[in-house]
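Engineer: Requesting a structural model of the entry that follows:
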Amino acid sequence: MRVVLFAGKGGVGKTTLAAATGAALSAAGRKTLVVATGAAHSLADALDVRLSPEPAEVEEGLFAAEVDTRALLGGAWPTLRPHLSTLLAGAGVDEVIAEELTVLPGFEELLALSEVQRMARTGPWEVVIVDCGPTAGASRLLALPEIGARYLERWYPTHRRMVRGMLAGLAGPSPSGRHWDATVNALNRLAEHLESLRSLVNDPTTTSVRLVLTPEQVVAAETRRSVTALALQEIRVDGLLGNRLVPALPATARGPAAHWMRARRREQDEVLAALRAELPGLPVRAVQHRAVEPVGLAALRALSADLGAPDDPVLDCTATGPPVPLLAVTHAGGSGLDSEYQLRISLPLLTIADVELSRVDDDLAVTAAGHRRMLRLPSVLRRCTLSAAEVDCAGLLVRFRPDPAVWMR
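Structural biologist: This is a model prediction of the structure:
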């Protein structure tokens, strides 16, 4: 099974292109689910059908659904909230403050991603197409499993949950023991679920992101930042779709309208050409602007001719080769305390002005394209200090020197 997430700036047509890809795949005989996670439920409008939170068959082989995060929140939150309150109170937080702190930011998006995972695992789909919200929301959505797991481990580490569970068992059938036992079990299930979501999102052989843009300088700039941010999260981008390309005019066309269309097309071609040059290993496809809005299955299938579906090589991730690892360590020379090590962080489209680095214990905090991630340093670098950093065509190169205070002599 393949999961392809369509993301992009609001208004670029990602819902339409996601629906068109799904329609083309189902017409070719591949069982396909198209599911929308954003709040603006426009997938039903693009398909010209009524949709519900559960997958419904639109035509043979094509199913669609629109996730209702408010309903999910109403069902899941009352069950989890008391456990989080118990967790915070057990950590010494005042009861009133603990109740206020149980409003978790991003919880709705996490539920939406969980629902996508549930649908993907319980249906007969060969391909699951996910229509995500605008780019910033999509990046946050995909980062949430790792962020949630990190915060859960920080608030209540695994070893503490195990000890609490043992103490609850020793406490016997008392109300206090049963209460802690239920809380520990709930937190363990949450930790397992977050890890399962992280594995789905970060598996390059199963999941990838397809970025949709209109060929404009401002939109392309956001797309570049998205490519960098997703690389930092180790989420594979399998291609770019330049939507609403103005048709090329014959040389005989004259007049103000023809002049405007040629100038617009020239600018669009330049934007796409720049992206192809900057991302040589990434497919960049152009989708022609239609005179009539593509609504309904027939129009969507006609539009899919520009998308490469259903014979799309990136639907099989092995066709585009293995992903480049985010981190790679090399010994750059010297020995003992005179050694130098280099940490390569493969981030495309990076400039030195976009990067912030800081050392936090055994982690390296990397901020790039407006997104921050804590990267666990390889063991040899935990005994080193950061000496320099530079940006080149392959990403970020960070240099380390042994720390005399902890380095083995």
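Engineer: Tell me which stretches of the stretch 1-150 of the chain form strands.
Structural biologist: For the stretch 1-150 of the chain, the strands defined by DSSP state E, counting those that start in this stretch occupy 2-8, 32-36, 56-59, 62-66, 127-134.
Engineer: Now stretch 276-286: buried residues?
Structural biologist: By neighbour count on 16 or more other Cβ atoms under 10 Å, the buried set for stretch 276-286 is Leu279, Leu282, Pro283, Val284, Arg285. For the C-beta atoms, the positions are set from N, CA and C on the backbone; glycine is no exception.
Engineer: my guess is the fourth one contacts Ala274, does it?
Structural biologist: Read that as Val284. No. Val284 is beyond contact range of Ala274, at 9.9 Å (criterion: Cβ atoms under 8 Å).
Engineer: any chance of the buried residues of stretch 276-286 in TSV, with pLDDT too?
Structural biologist: Formatted as TSV, these follow (pLDDT from 0 to 100):
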residue	pLDDT
Leu279	92
Leu282	89
Pro283	90
Val284	93
Arg285	92
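Engineer: was I right about Arg236 contacting Thr206?
Structural biologist: No. At 9.5 Å, Arg236 and Thr206 do not qualify as touching, with contact defined as Cβ under 8 Å.
Engineer: Pro280 versus the residue lying closest to Thr37 once chain neighbours are set aside, what's the distance?
Structural biologist: Once flanking residues are discounted, Thr37 sits nearest to Ala112: 4.3 Å by Cβ to Cβ, 6 or more residues apart in numbering. Distance of Ala112 to Pro280, computed by Cβ to Cβ, to the nearest Å: 34 Å.
Engineer: Ala273 now?
Structural biologist: 12 Å.
Engineer: Repeat that for Arg266.
Structural biologist: Applying Cβ to Cβ to Arg266 and Pro280 gives a distance of 22 Å.
Engineer: and if you look at Pro204?
Structural biologist: For Pro204 relative to Pro280 (Cβ to Cβ), the value is 19 Å.
Engineer: next one: Ala24
Structural biologist: 26 Å.
Engineer: do the same with Val366
Structural biologist: For Val366, the distance to Pro280 equals 24 Å [Cβ to Cβ].
Engineer: who's more crowded, Arg236 and Thr206?
Structural biologist: The neighbour comparison of Arg236 against Thr206 (other Cβ atoms under 10 Å) goes to Arg236, with 21 against 17.
Engineer: so where's the stretch 1-150 of the chain shaky on pLDDT?
Structural biologist: 39-40, 72-107, 135-141, 144, 148 (pLDDT under 70).
Engineer: What are the boundaries of the helices in it?
Structural biologist: Here the stretch 1-150 of the chain has its helices, by DSSP state H, counting those that start in this stretch, at 14-27, 43-47, 69-90, 95-101, 107-122, 135-155.
Engineer: just the stretch 201-350 of the chain next, same as before
Structural biologist: Taking DSSP H, counting those that start in this stretch, the helices of the stretch 201-350 of the chain run over residues 217-232, 256-278, 297-303.
Engineer: Any stretches of the stretch 251-400 of the chain with poor pLDDT?
Structural biologist: For the stretch 251-400 of the chain, the stretches flagged by pLDDT under 70 are 309-310, 313-321.
Engineer: about what we covered before: okay, the helices of the stretch 201-350 of the chain, which one's buried deepest?
Structural biologist: Of all the helices of the stretch 201-350 of the chain, helix 217-232 has the most neighbours on average by mean count of other Cβ atoms under 10 Å, namely a mean of 21.
Engineer: Can you tell me what sits against it?
Structural biologist: Contacts with helix 217-232, where a contact means Cβ atoms under 8 Å, 6 or more residues apart in numbering, come from 7-9, 12, 135, 139, 142, 209, 211, 213, 236-237, 240, 271, 274-275, 278-279, 282, 326, 346-350, 354, 366, 368-371, 373.
Engineer: Equivalent analysis for stretch 392-406, please.
Structural biologist: Contacts for stretch 392-406 (Cβ under 8 Å, 6+ apart): 332, 336-337, 339-348, 350, 355, 357, 364, 366, 368, 381, 383-391.
Engineer: ok, of these, which come out buried?
Structural biologist: Buried by 16+ other Cβ under 10 Å: 339-348, 350, 355, 364, 366, 368, 381, 383-384, 386, 389, 391, out of those.
Engineer: Next step: the residues you listed restricted to strands.
Structural biologist: Among the buried ones among the contacts of stretch 392-406, the members falling in strands (DSSP state E) are 340-345, 355, 364, 366, 368, 384, 386, 389, 391.
Engineer: Many thanks, we can stop here.
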